[in-house]
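just the structure for this:
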Amino acid sequence: MAQTKKRIEHRGRVTVTHRVPRSSIALAIMAHGESLEMFETIRERCGDRIDAWTAVVDTDDVETARNIEKAFAGIPGAVHMLPWIDDKYGTGHGDYAANRNRMLALAREHDCDYVMWLDPDDPPVGTIPDELDKPVYLFEIKVEGTTWAMHHMFRKDVKIEWRQPIHEHLEFEDDPEVANLIGVWLERNGSGSYRTDRIKTKALPLLLKMIEENPTDGHAWYYLAQSYRDVGMKAEAVAAFNHRAEMGGEPQAVYWCRFQVAELTGNPDDYLIAWNTRPTRVEALHRLAEFYNARGQYVVGRLFAQLGCSIKPSEDGMFVERWVELYGLPAAYAHAAFYLGYESGDADLIARAVTTWEWILDPANVPAEILQPAHKVLFESNLMEAREPGSGYMTSGYEKAFLDKGVRLTEGSISAQEAYFLGTLVSGWDQDRPMKIAETGFGVGRSAWAFLENNPTCTVTSFDSLLTDNGHHDDNTKAITLAAEIIAEHFPKRHQLIIGDSKETVPQNQDDWDLVFVDGGHDYETAIADLRNFASPGRIVVMDDTVYGPVWAEGVVKAWAEATNPETGFIHHRLESRDGPHVWSVGQYREVAA
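Below you'll find the predicted structure:
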């Protein structure tokens, strides 16, 4: 029911009072197991813009019902405890569309102008205006700098219905006008995804049934691909994403499917294919810039970064990585410009890098809620490095010591972001004994340094063959030896370097390590042997280059996939982290490998 609200203006000595329309809103929620705090947050964020509410919970979820009633006490509304509607295939997953449609039907019974549905873990941010005049409103959803939009509020007379039992979406009977609700967005606090076991036992069987019934269901194909991706079935995910892209349809969806293929393969050709499908999007260009920067091909990296920076922000509403548009591409440009200037002695390029990082780190340009914490630390370090070589991560103190001694590093190294990740991983050790760490692939010692610097009591055992992947010794031997000497000076009696083939040296030097980092030989035989030789129940394992495009990393990708196979593997895959297309993975041994 439309209401009015006073708006007071002061004009000189005269006070004028206006009556302005105030659209009433009924809140609709479907919940299961959420805390009282979640519902209280929604009420607090919505302020006085909830005029009525409806909540649907399962018949036996008494605690959630009480939490909702307590949070919204004083506002007209009711909790409806109803049995969960299963999908028509009987998979046990449930028909989310049917359950949400029941929720909306109950919410429409309130004498309000609009219905606004919210998930308990997506509280709104911003002020919902008093006057609403559009039939349907989109709310933007933000997660770590990535945004997309969904229909979250509609006038009660709009004919709207949820479709699809899984990953449900709204469809309209007519074609109502849709507008963005300016100044309001949803803050996603949950994962927005299913647990791995639920995907395997419920989601995948349901999606396959839906596709069997309707092979042209693009919605089901997309979420089948996403589900495969989320449980680590990468080959199946790539095939399904490609199939969905070939089906055509909404250009944003085609682009995102092609982009997901590239994210899974790490292949620069796949990123180019993705960008070619939608040249107004820049995520693929960002990954290409990072790809070539990570390989020291800074001229190419800078070109892709510059191209991306020249493209205006996308008007798409599907999974736009706003952080890439705002600071990801400028940061990739700064990275390339710094190293090009560092290697050539071009002070102007270094100055451009400094200016760019200063701009990114200014909250007036990049708000704190968008700048990811790991990126902030990295850029601060890069800025320090550019101003004073040897003070940051880009060429760390011990690497600068090589240059001071006239030694040029030829061995590759982990990225600054991965060094930060490894340091953070070991910094929270809370046991009453020193942490023991082992690694294959000492290189120039950056990973060992990250461990030792961030955990002041840990010990690190490094295994290295003194060989690069192409079998060369030369400067690499000198660099590794010098790195070990420098680390020994900074961290006395805490580091040991064991030289030889890790397939032999690791079994010969076993210890009760708490964490192992596998970044040695990239051929399959060495990679799988390292994973097996480090195996011990409960031990944490990190492996580098687990999703990579180059041929030389295929052995690592194969070894990690085999070791983490849900049916036959011996490692629980926990998470992936990345620096552009460069990906490393974390797992935990579940049994001693045979």
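
for Gly441, which residues are in contact?
Residues near Gly441 by C-beta atoms under 8 Å, 6 or more residues apart in numbering: Ser447, Ser462, Phe463, Asp464, Phe517, Val518, Asp519, Gly520, Gly521, Asp544. Using the backbone N, CA and C atoms, a C-beta is placed for each residue, glycine as well.

of the residues you listed, closest to Ala245?
Asp544 (29.3 Å; C-beta to C-beta).

what strand or helix carries Ser314?
Per DSSP states H and E: Ser314 is located in neither a helix nor a strand.

now for the contacts of Gly441: which two are most distant?
Farthest pair in those, by C-beta to C-beta: Ser447 and Gly521, 15.3 Å.

more neighbours: these two, which one.
Ser447 (25 against 21; other C-beta atoms under 10 Å).

how is this structure divided into domains?
As given by automatic domain parsing, the domain ranges for the chain are 3-187, 193-279, 288-395, 415-589.

avg pLDDT for the last one?
Per-residue pLDDT values over domain 415-589 give a mean of 86.

45 is where my numbering starts, stick with that
Happy to do that; since the first residue is 45 now, the last one works out to domain 459-633.

so how far is that domain from its chain's centroid?
23 Å (C-alpha atoms, centre = their mean, to the nearest Å).

end to end, how far does it reach?
25 Å (C-alpha to C-alpha, to the nearest Å).

straight-line length of stretch 400-416, end to end?
Stretch 400-416 end-to-end distance (C-alpha to C-alpha) = 17 Å.

can you name the residues in contact with it?
186, 188-189, 366-367, 370-371, 374-375, 377-378, 381, 420, 423-424, 426-427, 430.

what are the ranges of the helices in the stretch 195-344 of the chain?
240-242, 248-257, 262-274, 278-290, 295-309, 312-321, 327-338, 342-353 (DSSP state H, counting those that start in this stretch).

who does the longest one touch, helix- and strand-wise?
The contact analysis (3 or more C-beta pairs under 8 Å, 6 or more residues apart in numbering; DSSP states H and E) places helix 295-309 against helix 262-274, helix 278-290, helix 312-321, helix 327-338, strand 584-591.

direction-wise, compare the fourth one with helix 295-309 and give the angle.
On the basis of axes from the mean of the first three to the mean of the last three C-alpha atoms, to 10 degrees, helix 327-338 is oriented at 20 degrees to helix 295-309.

next: the first one.
Relative orientation of helix 262-274 versus helix 295-309 (the same axes, to 10 degrees): 20 degrees.

what's in contact with helix 262-274?
208, 210-211, 213, 237-238, 240, 243, 247-248, 251-252, 254-255, 258, 278, 280-281, 284-285, 287-288, 291, 293, 297, 301, 304, 308.

can you rerun that using 7 Å?
With C-beta atoms under 7 Å, 6 or more residues apart in numbering as the test, helix 262-274 has contacts from 208, 210-211, 213, 237, 243, 247-248, 251, 254-255, 280-281, 284-285, 287-288, 291, 293, 297, 301, 304, 308.

can you flag the buried ones in the residues you listed?
208, 210-211, 243, 247-248, 251, 254-255, 280-281, 284-285, 287-288, 291, 297, 301, 304, 308 (16 or more other C-beta atoms under 10 Å).

and Gly436, what pLDDT?
With respect to pLDDT, Gly436 scores 53.

lovely, talk soon.
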